[in-house]
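Student: Could you look at this predicted model? Sequence included:
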Amino acid sequence: VQLVESGGGVVQPGGSLRLSCAASGITFDDYCIGWVRQAPGKEREGLACISSKDGRTWYRNAEKGRFTISRDDTGNTIYLEAENLEPEDTAIYYCAVKEDNLPYSFIHRLAIDHWGQGTQVTVSS
């Protein structure tokens with residue numbers, strides 16, 4: 001499985017951005033694919049994931065209003081749109097896949113099977 005993130009960079013506070021993740025080599029069905037981030041000095045935290053089967057989305061409650069996960073028609077590319085960004089959102093954002101479609105485990109237990117390399121997002125003026 002290969003997950004390649006793009007779209008990171010420097011954003012001013014209050015700004016927005018869209019991250020992309022191109023997935024390839026997935027041979028299993030019914031999985032959850034989504035985003036995890038790690039801020040400097042903090043543990044990784046799950047943000048959101050989307051079901052490969054039906055496109056249902058799940059979010060970490062605190063981030064549900066500012067982050068939106070989506071996918072393209074093929075399901076091979078997913079996106080994370082983030083708005084009203086704050087300096088506390090500065091982190092490496094990882095694309096990740098859990099082979100079993102268990103979104104709670106993805107988001108809250110980080111039971112992840114495959115990881116991308118990550119893309120840096122810096123929120124700073």
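Tutor: Done, it's in. Residues are numbered from 1 along each chain as shown.
Student: State the pLDDT value of residue 100.
Tutor: Residue 100 carries a pLDDT value of 89.
Student: er, residue 49 actually
Tutor: In this model, residue 49 carries a pLDDT of 96.
Student: what does residue 52 give?
Tutor: Reading off the model, residue 52 has pLDDT 93.
Student: go on, residue 63?
Tutor: 66.
Student: how about the CA coordinates for stretch 61-81, as PDB?
Tutor: Provided in PDB are the C-alpha atoms of stretch 61-81 (Å, rounded to 0.1, in the frame of the first residue of the first chain):
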ATOM      1  CA  ASN A  61     -15.600  15.400  17.700                       C
ATOM      2  CA  ALA A  62     -13.500  18.500  18.500                       C
ATOM      3  CA  GLU A  63     -12.500  18.800  14.800                       C
ATOM      4  CA  LYS A  64     -15.800  18.100  13.100                       C
ATOM      5  CA  GLY A  65     -16.700  21.700  12.400                       C
ATOM      6  CA  ARG A  66     -13.400  22.900  10.900                       C
ATOM      7  CA  PHE A  67     -12.300  19.800   9.000                       C
ATOM      8  CA  THR A  68     -14.000  18.000   6.200                       C
ATOM      9  CA  ILE A  69     -12.900  14.700   4.700                       C
ATOM     10  CA  SER A  70     -13.900  13.600   1.200                       C
ATOM     11  CA  ARG A  71     -12.900  11.400  -1.700                       C
ATOM     12  CA  ASP A  72     -12.900  11.500  -5.400                       C
ATOM     13  CA  ASP A  73     -15.200   9.300  -7.500                       C
ATOM     14  CA  THR A  74     -12.600   6.600  -7.800                       C
ATOM     15  CA  GLY A  75     -12.000   6.500  -4.100                       C
ATOM     16  CA  ASN A  76      -8.300   6.400  -4.800                       C
ATOM     17  CA  THR A  77      -7.800  10.000  -3.600                       C
ATOM     18  CA  ILE A  78      -9.000  11.500  -0.400                       C
ATOM     19  CA  TYR A  79      -8.900  15.000   0.800                       C
ATOM     20  CA  LEU A  80      -8.900  16.900   4.000                       C
ATOM     21  CA  GLU A  81     -10.200  20.500   3.900                       C
END
